[in-house]
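K.L.:
Can you look at this prediction? I've put the sequence above it.
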Amino acid sequence: MHIAVIQGSPRSESNSFRVAQFLSQRLNIRQGVNTSLVNLRELRFPNFDDHGELDEVHQLRKALLSADGILFVFPEYNGGMPGAMKNALDYFRSEYNLKPMAATTVSAGPFGGLNAWHAFHSWALYVGGILLPNNLKVSNVSSLFNEKGEPVEKHFSLNYPKFLDEFCWLIEKLTAD
Ligand SMILES: Cc1cc2nc3c(=O)[nH]c(=O)nc-3n(C[C@H](O)[C@H](O)[C@H](O)COP(=O)(O)O)c2cc1C
């Protein structure tokens, strides 16, 4: 199965990107799973307009369409998902329809991006995604990894394997012939 991991923070020193890299690596070591990590920061979508087919639109469309499932990893910004991420996602619509999706929300604070999860949840259902009910919430992200990049936060270490198991299960069920 092929999973697109979409990282939604626009910051150069993004903590969400580190989380996305980690989850992508963990998915890749699973038998039968491979991922492509798409960093929206690097694609730098312009503010939405009818631009015609831009390179970045072409690239992300290809990633969305070729994926059996999409894992979105993004921070909470002012109680929602980052505006830059929503702007990039607005370039597409049919690409999301009936696509298995899951979300990991990231926060430097203690609430794991709960408000961003709610905002994403509404969006994902609106565009026709099949959303995993469980969401991986990452709190206190600045102290999540040690200097070797290993997770040192107890709740994250407990929660992420189950979250990835469930997402792979969902994709398998929905893509079975
Ligand atoms: C513009 C902006 C708004 C933010 N709003 C929130 C917020 O509403 N809730 C929250 O828990 N953290 C908020 N944060 C802090 C993020 O949790 C923090 O930047 C964290 O590192 C994850 O984002 P990153 O991937 O951009 O690094 C905000 C950060 C920025 C830059």
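P.N.:
Okay, I see it.
K.L.:
per-residue confidence at the residue nearest in space to the middle of the chain?
P.N.:
For the chain, residue 72 is the residue whose C-alpha lies nearest the centre (CA atoms, centre = their mean; 1.2 Å). Looking at residue 72, its pLDDT reads 98.
K.L.:
That one: what secondary structure?
P.N.:
What DSSP: H, G, I helix; E, B strand; the rest coil gives for residue 72 is strand.
K.L.:
Tell me if I'm right that it and residue 100 touch.
P.N.:
No: under the criterion of CB atoms under 8 Å, residue 72 is not in contact with residue 100, lying 11.7 Å apart. To be clear about C-beta, it is placed using only N, CA and C from the backbone, and glycine gets the same treatment.
K.L.:
what's around residue 27, how many residues?
P.N.:
Residues lying near residue 27 (other CB atoms under 10 Å) number 20.
K.L.:
cool, residue 62 as well?
P.N.:
For residue 62, the neighbour count with other CB under 10 Å is 14.
K.L.:
ok but it is inside a helix, no?
P.N.:
Yes: assessed with three-state DSSP, residue 62 lies in a helix.
K.L.:
which of the residues in stretch 89-108 are buried?
P.N.:
89, 91, 95-96, 99-107 (16 or more other CB atoms under 10 Å).
K.L.:
I'm done for today, thanks for sticking with me.
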